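>>> Please find the sequence and the predicted model below.
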Amino acid sequence: MVDGPISPSVTAEPIASAATEDAFRDALDRLSRKVDEGNFERMRWARDEAPKLVRLVELVKGAVNDRADIEINEEGGEGNTKRFVIKVHGQRIAALALALDKGRAIASIGTIERSEFAVAPGKPIHTKYANVDEAWMADTLGQLMERIGG
């Protein structure tokens, strides 16, 4: 038997707002950063940024998935950047790089060793990560590939 009345907060449905959850997450992040800033940053990156970079890689590979003549192969990367080689008919043509920086997705293209094709100079293409989708990736890759052979 329960002593006394049951608190309304116990019987009420939990009310969780996004703002409350964000504030709590932010408080936990501040505590974690105070205790060990290096570990916090690694864990924050793994939690928040790594999945975004994985999604960028999926979008790049998906963009040419139906093409037997064109491959975009991941060649490595470090931190917030992934590097790829664009191959056409098995020939290494150009280097592609994707990065995340301050909430933005950035794509650039450049020359690669052993390629007969030059890449015209141009600025990287970037947008807020929230704008990244299949259409953005296809448009971006199309613009970058137009620079090959220029």
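Received it, and whenever you're ready, just let me know what you need.

>>> now what about stretch 33-44, what contacts it?
Outside of stretch 33-44, the residues within contact range by C-beta atoms under 8 Å, 6 or more residues apart in numbering are 29, 32. All C-beta atoms are positioned from the backbone trio N, CA, C, and that covers glycine.

>>> Select the longest helix from the protein.
Longest helix of the chain, by residue count under DSSP state H: helix 18-35.

>>> Let's test this: mean pLDDT of that helix, rounded?
On average, the pLDDT along helix 18-35 is 89.

>>> Next secondary structure element downstream of it?
helix 37-44 (DSSP states H and E).

>>> Which positions within that next one qualify as buried?
By 16 or more other C-beta atoms under 10 Å, the buried positions in helix 37-44 come out as residue 40.

>>> May I have the secondary structure class of residue 46?
Taken by DSSP: H, G, I helix; E, B strand; the rest coil, the conformation at residue 46 corresponds to helix.

>>> quick one: the strands in this structure?
In the chain, the strands defined using DSSP state E lie at 70-78, 81-88, 91-101, 104-110, 125-128.

>>> to the chain's geometric centre, what's the distance from the longest one?
To tie it back to what came earlier, the one meant is strand 91-101. Computed by C-alpha atoms, centre = their mean, to the nearest Å, the chain-centroid distance of strand 91-101 equals 14 Å.
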